[in-house]
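Colleague: give me the fold of what follows.
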Amino acid sequence: MNAYYLLSKYRDIESKMGSKQYKTDVMTYAIDKHKEGYEDDMGDAMKLYRQRFQDLLYRPFAGHAANEDFSIIAQSNLLIGTSATTVLETGLALHRLYGVPYIPGTALKGLTANYCHSRLGREDNRFQQGGDYFNILFGSQGQQGFICFYDAFPHPCCVKNALKLDFITPHHKTYYQVSDEHGRTVPAPRDDDSPEPIPFIAAKGAFRVMLTCERQDEAGTYWLQIAKDILMQALAQEGIGSKTNSGYGRFEIMTLQGDQLW
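Modeller: From the prediction side, this is the model:
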């Protein structure tokens, strides 16, 4: 069963699960079905995904003289696309055809642009938003940037276990929920407050990151390498997705040759 459709379309899911803990049940069910679908390396789902992954490795590079790709391996769970519409409160970026988690190219571009502006821009204002270098890499309202960022998909070797059940546990629920807008007293947090685990689905695994440049000359190759270096630094130092301050979305960068990982 495709986890994307289960978690985004199945509106009657609460009554179907028949449990007060339906959120955890639904998430566990979705993870188990995803794992079953990709359990068999020779099964239809895996064959189709392997073909799709191979297409993703080479087709974006067609017609581009300058291109780069590298792999990143999650050192912690990844939360990406949490605002996506789902039958539950918390979403996750899942591919609608294959049901696998992925990192949108827009998220990678946004991370790179923010790092470029906030970190490199401190030393050279041409890297700040609106600066010459920034506009070349990412574009502006008046011009298109040179660099294209593609969605990063999990390697076939780890796609089976790419979905993980995780929990966030607020220890002072009442303190955070009660509002004093109408003069009510907000209870202070106490050591004897009851924590309440809240389940959500996260992603983990190895992802392939791909970039190309619209310019097919030495300048294009030069700017593409700069974009790659900035992205690799941003992923390693800041992470990507939600809750990075709590350790989520952290990656190890691996530059691999050919199909070494998958």
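Colleague: ok, and the helix or strand in the protein with the lowest average confidence?
Modeller: helix 13-17 (a mean of 53; mean pLDDT, DSSP states H and E).
Colleague: which other helices and strands contact the helix or strand following that helix?
Modeller: The helix or strand immediately downstream of helix 13-17 is helix 22-37, counting by DSSP states H and E. Contacts defined by 3 or more CB pairs under 8 Å, 6 or more residues apart in numbering; DSSP states H and E place helix 22-37 against helix 3-9, helix 13-17, strand 163-168, strand 198-203. Where you see a C-beta, it was placed from the backbone N, CA and C, and this is true even at glycine.
Colleague: give me the mean pLDDT for helix 22-37.
Modeller: With pLDDT averaged residue by residue, helix 22-37 scores 87.
Colleague: tell me what angle it forms with strand 198-203.
Modeller: If you take axes from the mean of the first three to the mean of the last three CA atoms, to 10 degrees, helix 22-37 sits at 20 degrees to strand 198-203.
Colleague: and residue 149, its phi and psi?
Modeller: Torsion angles at residue 149 (phi, psi; degrees, to the nearest 10) stand at phi -110, psi 130.
Colleague: check it and give its pLDDT.
Modeller: 94.
Colleague: report how many residues lie close to it.
Modeller: Using other CB atoms under 10 Å, residue 149 is surrounded by 24 other residues.
Colleague: please apply the same query to residue 126.
Modeller: Under the criterion other CB under 10 Å, the count of neighbours that residue 126 has is 14.
Colleague: and residue 217, by the same measure?
Modeller: For residue 217, using other CB under 10 Å, the count is 10.
Colleague: separation between it and residue 146?
Modeller: 11 Å (CB to CB, to the nearest Å).
Colleague: residue boundaries of the strands in the stretch 101-250 of the chain?
Modeller: Ranges of strands within the stretch 101-250 of the chain are 147-149, 153-154, 163-168, 198-203, 206-213, based on DSSP state E, counting those that start in this stretch.
Colleague: can you tell me what sits against the third one?
Modeller: Identification of contacts with strand 163-168 by CB atoms under 8 Å, 6 or more residues apart in numbering yields 3, 24, 27-28, 30-31, 34-35, 77, 101, 197-204.
Colleague: buried only: go through the residues you listed for me.
Modeller: Burial by neighbour count, 16 or more other CB atoms under 10 Å: within the contacts of strand 163-168 this picks out 3, 24, 27, 30-31, 34, 77, 101, 199-204.
Colleague: could those residues go into JSON lines alongside distance to residue 243?
Modeller: Output for the buried ones among the contacts of strand 163-168, formatted as JSON lines (distance: CB to CB, whole Å):
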{"residue": "3", "distance to residue 243": "21"}
{"residue": "24", "distance to residue 243": "19"}
{"residue": "27", "distance to residue 243": "17"}
{"residue": "30", "distance to residue 243": "20"}
{"residue": "31", "distance to residue 243": "19"}
{"residue": "34", "distance to residue 243": "22"}
{"residue": "77", "distance to residue 243": "9"}
{"residue": "101", "distance to residue 243": "15"}
{"residue": "199", "distance to residue 243": "15"}
{"residue": "200", "distance to residue 243": "10"}
{"residue": "201", "distance to residue 243": "14"}
{"residue": "202", "distance to residue 243": "9"}
{"residue": "203", "distance to residue 243": "13"}
{"residue": "204", "distance to residue 243": "14"}
